[in-house]
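**Student:** any chance you could fold what I've pasted below:
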Amino acid sequence: MDFALIVLGCLICAVFAIRTQRLLISALWLAGASALTALLLYLLGAPEIAVIELSVGAGLVTVLFVFAINIAGEEIPIKQSIMPKPLAWLLIAAAVLLLGIMVLGPQLSRVLTGSEPGFAAILWNDRLLDVALQVVLIFAGVLGVLGLLSDVKKISKDGNNEH
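**Tutor:** Sure, this is the predicted structure:
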C-alpha cells in the first residue's frame, strides 16, 4: 500500500509538472516527483541509487532549472510538442513496465524458485532494473531540458511569425 501511495504521488507531481503554465512552479513539481522517486527507490532496497536520485534529481537539477529560468526569463510559450504522441505513450508504457518489473520481479523469483537468492545474484541481477530506471530518468531530464531550450515561434497580432 505504501508503494502505491508513493507511485500515485509521483504520478501526480509529474502530471502537474507537465501541465503547469509557469516554469518555476513546474520545476518545483518536478523536484517533488524526483524526491518521491528517491523514496520509492530507497524502500525498494536501492539506497545508493536513491541518494543519487535525491541529490541530483531533486537537488542539482532543480537548482539548475531555477537558475536557468531566472536568467532566461519566463515566457508562456505556444504549446507545441517536440515529441510525437506515439513516442511519448511508448516511453510512458516502458517506464510503467520497468517499474512493475522492478516492484514485482524479486517477489516472483522467490515464489518461483522457492529460495532466497545469494548476495551476488541480488547485486548483479536484481539491480539491473535500478540502472535501467536511472537511464529512463536521465532521458526524461534530457527531454525536459530540450523542451526548455527549444525555439518557440511567437505569433504577433498581425499574424507574422517572430523568433
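**Student:** how about the closest residue to V66 other than its chain neighbours, what does it touch?
**Tutor:** In this structure, V66 finds its nearest non-sequential neighbour in A27, 5.6 Å apart by CB to CB, 6 or more residues apart in numbering. The way it works is simple: take the backbone N, C-alpha and C, and place the C-beta from them, glycine included. Contact analysis of A27 by CB atoms under 8 Å, 6 or more residues apart in numbering lists 17, 62, 65-66, 69.
**Student:** closest to I101 among these?
**Tutor:** A17 (24.3 Å; CB to CB).
**Student:** any low-confidence regions in the protein?
**Tutor:** Judged against pLDDT under 70, the low-scoring parts of the chain cover residues 1, 75-81, 102-103, 105-129, 131, 148-163.
**Student:** hmm, try it at 90
**Tutor:** Low-confidence segments of the chain (pLDDT under 90): 1-4, 6-7, 14, 17-28, 40-163.
**Student:** show me the helices in it, by range?
**Tutor:** Using DSSP state H, the helices of the chain run over residues 2-19, 23-43, 47-52, 61-72, 85-113, 119-121, 128-149.
**Student:** which of the contacts of A27 are buried?
**Tutor:** 17, 62, 65, 69 (16 or more other CB atoms under 10 Å).
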